[in-house]
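S.K.: for reference, the sequence and a predicted model appear below.
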Amino acid sequence: MNRITFLFNIKYPIIQGGMIWNSGYKLASAVSNAGGLGLIGAGSMYPEVLREHIQKCKKATNKPFGVNVPMLYPNVEEIMNIIVDEGVKIVFTSAGNPKTWTNWLKERGITVVHVVSSSKFALKAQEAGVDAVVAEGFEAGGHNGREETTTLTLIPMVKKQIQIPLIAAGGIATGKAMHAAMILGADGVQMGTRFAMTFESSAHQAFKDTLVASQEGDTYLTLKELAPVRLIKNDFFNQVQSAYEKCATKEDLITLLGRARAKKGMFEGDLVEGELEIGQIVGLIDQIQSVDEVVTEIMNDFNQSLKTTFDF
Ligand SMILES: Cc1cc2nc3c(=O)[nH]c(=O)nc-3n(C[C@H](O)[C@H](O)[C@H](O)COP(=O)(O)O)c2cc1C
């Protein structure tokens with residue numbers, strides 16, 4: 001047992017990151033059943049859809065699971081009320097100020113974790129009273145920090161600043177990487193890309209096929225003026241790059257992005273016009289597997305890595 005398995009009452013310190021359009025109750029419950037911590041991604045759900053997913057998740061697992069709430073989306077208050085109403089005990093907040101909801105959630109007996117991309121914000125999260133921090137490096141899929149701090153750099157720096165449990169994220173998809181993150185000071189890891197590439201992810205098959213085919217260098221962190229996001233370099237991405245070449249203003253970018261691009265790409269499988277969010281480590285994974293297979297493989301790899309010795 002370590003600080004993360006103790007905090008969440010789980011077997012392995014592996015957290016499946018909340019992922020819009022990928023992490024519904026099927027993925028979250030499968031990860032929790034496999035011994036990790038599954039998170040329902042509320043960011044792509046209307047409040048009543050979230051309620052349905054929580055209720056289905058409770059039926060699909062008797063293990064702990066949580067909900068990820070990106071605070072940049074509307075309806076946050078309604079979402080938080082549903083979480084309390086449905087008796088969810090773990091919330092991961094992201095994309096916002098940890099002060100806004102931490103006390104309110106903790107007063108209602110909920111364990112709160114906040115996602116950050118710098119040691120400055122890790123410290124702020126600790127001061128806000130969260131139970132743990134996810135420190136996410138520049139490699140990660142989805143929305144990201146503006147500074148390009150990699151996981152290898154970020155983890156030891158955050159570790160130096162905070163005393164509460166630390167979860168590393170960004171570029172971690174194997175047991176070896178998990179071991180490396182833990183050597184650097186993490187108590188556990190959060191993975192997104194690896195779990196997006198499972199049968200249980202709710203993403204469209206065409207998106208999953210694209211992920212399997214993706215290679216090293218196929219993603220890029222863009223739209224830093226809006227909310228920085230790591231995308232696969234598809235047609236939509238090229239439109240964004242052309243807009244930059246024409247010195248697009250922030251307003252131009254907002255217009256180009258429009259609405260529901262992420263849904264179009266990841267959920268509806270429009271590989272041309274959609275936004276395809278994924279992490280750099282997509283280049284390492286070349287198949288879609290079940291969550292069970294993924295967790296077993298990661299833990300075998302982790303245990304093997306523990307036995308590694310180096311001769312000089
Ligand atoms: C498709 C996708 C969607 C994501 N959506 C969210 C989200 O809604 N909220 C959030 O806090 N993080 C989100 N993330 C980040 C993940 O929770 C996780 O921290 C990240 O994927 C870890 O890096 P990795 O992709 O290298 O494993 C998303 C990541 C991906 C790949």
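M.R.: Cool, the structure landed.

S.K.: what segments of the stretch 201-312 of the chain are strands?
M.R.: 219-222, 229-232 (DSSP state E, counting those that start in this stretch).

S.K.: specify the stretch among those that is closest to the ligand.
M.R.: Taking C-beta to the nearest ligand atom, strand 229-232 is the member of the strands of the stretch 201-312 of the chain nearest to the ligand, at 7.7 Å. From N, CA and C alone the C-beta is placed, and that goes for glycine too.

S.K.: which one of the strands of the stretch 201-312 of the chain is the most hemmed in?
M.R.: Among the strands of the stretch 201-312 of the chain, ranked by average contacts under mean count of other C-beta atoms under 10 Å, first place goes to strand 229-232 (a mean of 23).

S.K.: what's the closest non-adjacent residue to residue 302?
M.R.: Counting by C-beta to C-beta, 6 or more residues apart in numbering, residue 175 is the residue found nearest to residue 302 once chain neighbours are left out, at 3.1 Å.

S.K.: report pLDDT for that neighbour.
M.R.: For residue 175, the model assigns a pLDDT of 98.

S.K.: hmm, it is touching residue 304, no?
M.R.: Yes - assessed by C-beta atoms under 8 Å, residue 175 is found in contact with residue 304 at 7.0 Å.

S.K.: who's more crowded, those two?
M.R.: residue 175 (21 against 12; other C-beta atoms under 10 Å).

S.K.: show me what contacts the more buried one?
M.R.: For residue 175, the contact set (C-beta atoms under 8 Å, 6 or more residues apart in numbering) comprises 297, 298, 299, 300, 301, 302, 303, 304, 305.

S.K.: pull up the residues of the protein that are close to the ligand.
M.R.: 17-20, 22, 41, 43, 68, 70, 94, 115, 136, 139-142, 169-172, 190-194, 196, 266, 277-279, 281 (C-beta under 6 Å from any ligand atom).

S.K.: helices and strands around the helix or strand hosting residue 53, which ones?
M.R.: Using DSSP states H and E, residue 53 falls within helix 47-60. Using 3 or more C-beta pairs under 8 Å, 6 or more residues apart in numbering; DSSP states H and E, the elements in contact with helix 47-60 are helix 25-33, strand 38-41, strand 65-70, helix 76-85.

S.K.: tell me what angle it forms with helix 25-33.
M.R.: Computed by axes from the mean of the first three to the mean of the last three C-alpha atoms, to 10 degrees, the angle separating helix 47-60 from helix 25-33 equals 40 degrees.

S.K.: report the angle between helix 47-60 and helix 76-85.
M.R.: Using the same axes, to 10 degrees: helix 47-60 against helix 76-85 is 20 degrees.

S.K.: tell me the angle helix 47-60 makes with strand 65-70.
M.R.: Comparing the axes of helix 47-60 and strand 65-70 via the same axes, to 10 degrees yields an angle of 160 degrees.

S.K.: pull the CA atoms of helix 47-60 into PDB?
M.R.: C-alpha atoms of helix 47-60 as PDB (Å, rounded to 0.1, in the frame of the first residue of the first chain):
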ATOM      1  CA  PRO A  47     -25.500  17.200 -16.300                       C
ATOM      2  CA  GLU A  48     -28.300  14.600 -16.700                       C
ATOM      3  CA  VAL A  49     -26.000  12.500 -18.900                       C
ATOM      4  CA  LEU A  50     -23.400  12.600 -16.200                       C
ATOM      5  CA  ARG A  51     -26.000  11.400 -13.700                       C
ATOM      6  CA  GLU A  52     -26.800   8.500 -15.900                       C
ATOM      7  CA  HIS A  53     -23.200   7.500 -16.200                       C
ATOM      8  CA  ILE A  54     -22.600   7.700 -12.500                       C
ATOM      9  CA  GLN A  55     -25.700   5.500 -11.900                       C
ATOM     10  CA  LYS A  56     -24.500   3.000 -14.500                       C
ATOM     11  CA  CYS A  57     -20.900   3.000 -13.100                       C
ATOM     12  CA  LYS A  58     -22.300   2.200  -9.600                       C
ATOM     13  CA  LYS A  59     -24.000  -0.800 -11.100                       C
ATOM     14  CA  ALA A  60     -20.900  -1.900 -13.100                       C
END
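
S.K.: what about it, distance to the chain center?
M.R.: 19 Å (C-alpha atoms, centre = their mean, to the nearest Å).

S.K.: thinking again about what came up before, pull out the buried residues from the contacts of residue 175.
M.R.: By neighbour count, with 16 or more other C-beta atoms under 10 Å, the contacts of residue 175 hold 298, 299, 301, 302, 305 as buried.

S.K.: I figured residue 19 hits residue 195, correct?
M.R.: Yes - between residue 19 and residue 195 there is a contact under C-beta under 8 Å: 7.4 Å.

S.K.: mutual contacts of the two, please.
M.R.: In contact with both residue 19 and residue 195: residue 201, using C-beta under 8 Å, 6+ apart.
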